[in-house]
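Peer 1: Task: produce atomic coordinates for the following.
(one chain, ligands or ions: 1)
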Amino acid sequence: IDTLPGTLVQEMFSLGEMVTATQSVPDELLQLLGEHLNFTISVVSPEEEDKELLSQFGIDLEKNNSEMAPRPPVVTVMGHVDHGKTKLLDAIRHSNVVDGEAGGITQHIGAYQVSVEHEGEDRAITFIDTPGHEAFTAMRARGANVTDIVILVVAADDGVMPQTVEALNHAKASGAPVVVAVNKTDLDGANPQKVRQQLTEYGLVAEEYGGETMFVDVAAKPRIGMDSLLEAVLLTADAALQLEAPQAGNAQGVAIEAHLDKGRGPVASVLVQKGTLRVGDSIVAGAAYGRVRAMLDDLGNRVTEATPSFPVQVQGLASVPMAGDVFLAADDDRTVRQIAEQRQARRRAAQQAARVGRATLENLMDKIAEGERTTLSLIIKGDGAGSVEALEEALVGLEVPNDVQLRVIHRGVGPVTENDVNLASAGDETAATILAFNVRAEGKVKDMADREGVDIRYYSVIYRAIEEIESALKGMLKPEY
Ligand code: GDP
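Peer 2: Sure, this is the predicted structure:
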């Protein structure tokens, strides 16, 4: 059959659907078109596609029939800048490391585990060692949900701030229960009750007020209240979550951090979610593969195996995976290599498709001309709060054509970051354009933007930025190469 876009558009028309050749259409419509042309069209999500790939190798991630056993909760610490996330992670860790213990020096491998005595039992808790919601959202964007519980840190002298709310929303979106650490209670201006009161507005009601959220007053700097906080995490885990995992069988989990080490080559910190990972296992993490040569725990000790929720740093991969990549062990080297190679090919194809399909400033007008309803989403980054605000105000005040919607989805002070690019590319159809006012993007951020098809535009005068957006809206923008 003739599958030229024009023909397909005609066929769609005969089905009563007015579409253009470059428009994306709902899955159901595609299937209808398929039936009409005597084809069976199945729409496959990337997750399903990957499942399909794995099944070709006889791998089913859902299937691990080994015995279930309780596993430690995995916790991420989030909150407003300077409210004490880093200090809290340090304090929790140090309250638990006995000086002079074997290994002794703590290693930053992206996560650590502490053990707590709880109701007469020794219980472990795993902490993701990167505070803040950037890593959390980046991982979730890649489909990796590792966090069971969120500790929301709020400084008692400062109260609820914008990033507190942002963090809270991320936690809600992920479905993870929240424990609130009311920090800096050692300061004179501390008002822990006010924090409780403020957070009720966001649906977090303290237990003592009849709600379901545990609030714990702490002071991370002098390390006060850490035991109560850990206790609250375990109580919340036991009340709200059923945390168990199969303990044996081929390991699977998530890479939480990875880099190229000068001496040791690619190293990746992984969190096992099911099964047991062992030295000598053949593994594939995203599009990277290899054989586990050595594993280190968070104290730098060599370990030979890792069970669910136990974080380890793995050596032996041939390349560096991305944070959030799912990893799994398989029976032999050949399998993991073939899986990795097929994923590499798919990633390249997907990136290509993303670049073609997205609305950039340049093709905005084409889309409008084709009668498509288009949203121009913008992210504004600048060197000062004043300039960012001024730019946003001017842009929001612009007159826009009827079928275009202009939205500022994020603004902030500072250079363009990976998080901005993540956010820009997170939308379903159109990537947001990033306007960088007197700020730059680092090399690796630029690379990422290229990969994701995100357009970053640089300006040093506000009116130039406004002029350019205005011309884009009017369809007169000259391409920038
Ligand atoms: P983050 O940006 O949330 O990671 O915050 P940091 O952990 O870097 O802490 C910000 C500042 O607050 C640092 O100067 C800390 O020493 C200080 N700080 C953190 N916790 C406490 C606390 O419990 N009491 C006091 N007095 N200062 C604290």
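Peer 1: residue ranges with poor pLDDT in the stretch 351-481 of the chain?
Peer 2: The model of the stretch 351-481 of the chain has pLDDT under 70 over residues 351-374, 402-403, 427-430, 475-481.
Peer 1: Contact partners for the residue nearest the centre of the chain?
Peer 2: Against the mean C-alpha coordinate of the chain, by CA atoms, centre = their mean, the closest residue is Ala138 at 2.1 Å. Residues in contact with Ala138, defined by CB atoms under 8 Å, 6 or more residues apart in numbering, are 323-324, 418-419, 422. All C-beta spots, glycine's among them, are computed from the backbone N, C-alpha and C.
Peer 1: Now compare the residues you listed and name the two farthest from each other.
Peer 2: Within the contacts of Ala138, two members stand farthest from each other by CB to CB: Gly324 and Asn419, at 13.2 Å.
Peer 1: Would you mind identifying the next helix or strand past the helix or strand harbouring the residue nearest to the centre of the chain?
Peer 2: Per DSSP states H and E, Ala138 falls inside helix 133-141. Where DSSP H and E defines the elements, the next helix or strand beyond helix 133-141 is strand 149-155.
Peer 1: how big is the angle separating that following strand from helix 133-141?
Peer 2: Angle of strand 149-155 versus helix 133-141, following axes from the mean of the first three to the mean of the last three CA atoms, to 10 degrees, is 160 degrees.
Peer 1: and strand 149-155, C-alpha only, in PDB?
Peer 2: Output in PDB follows, covering the C-alpha atoms of strand 149-155 (Å, rounded to 0.1, in the frame of the first residue of the first chain):
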ATOM      1  CA  ILE A 149       9.900   7.000  51.900                       C
ATOM      2  CA  VAL A 150      10.800  10.700  51.600                       C
ATOM      3  CA  ILE A 151      12.200  12.600  54.600                       C
ATOM      4  CA  LEU A 152      11.100  16.200  54.100                       C
ATOM      5  CA  VAL A 153      13.500  18.500  55.900                       C
ATOM      6  CA  VAL A 154      12.100  21.900  57.000                       C
ATOM      7  CA  ALA A 155      14.200  24.300  59.000                       C
END
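Peer 1: What strands flank that strand, and is each parallel or antiparallel?
Peer 2: Here strand 149-155 has these sheet partners by DSSP bridges: strand 74-79 (parallel), strand 178-183 (parallel).
Peer 1: Not counting that strand itself, show me its contacts.
Peer 2: Residues from elsewhere that reach strand 149-155 (CB under 8 Å, 6+ apart): 73-80, 82-85, 88, 160, 164, 167-168, 170-171, 174, 176-184, 195, 199, 204, 220, 229, 233, 236-237, 241.
Peer 1: and the closest residue to Leu204 other than its chain neighbours, what does it touch?
Peer 2: Leaving aside its sequence neighbours, Leu204 sits nearest to Thr213 (CB to CB, 6 or more residues apart in numbering; 4.6 Å). Counting by CB under 8 Å, 6+ apart, Thr213 makes contact with 177-180, 199, 204-207.
Peer 1: what's the answer for Ala135, then?
Peer 2: Taking CB under 8 Å, 6+ apart as the test, what Ala135 contacts is 76, 128, 256, 323.
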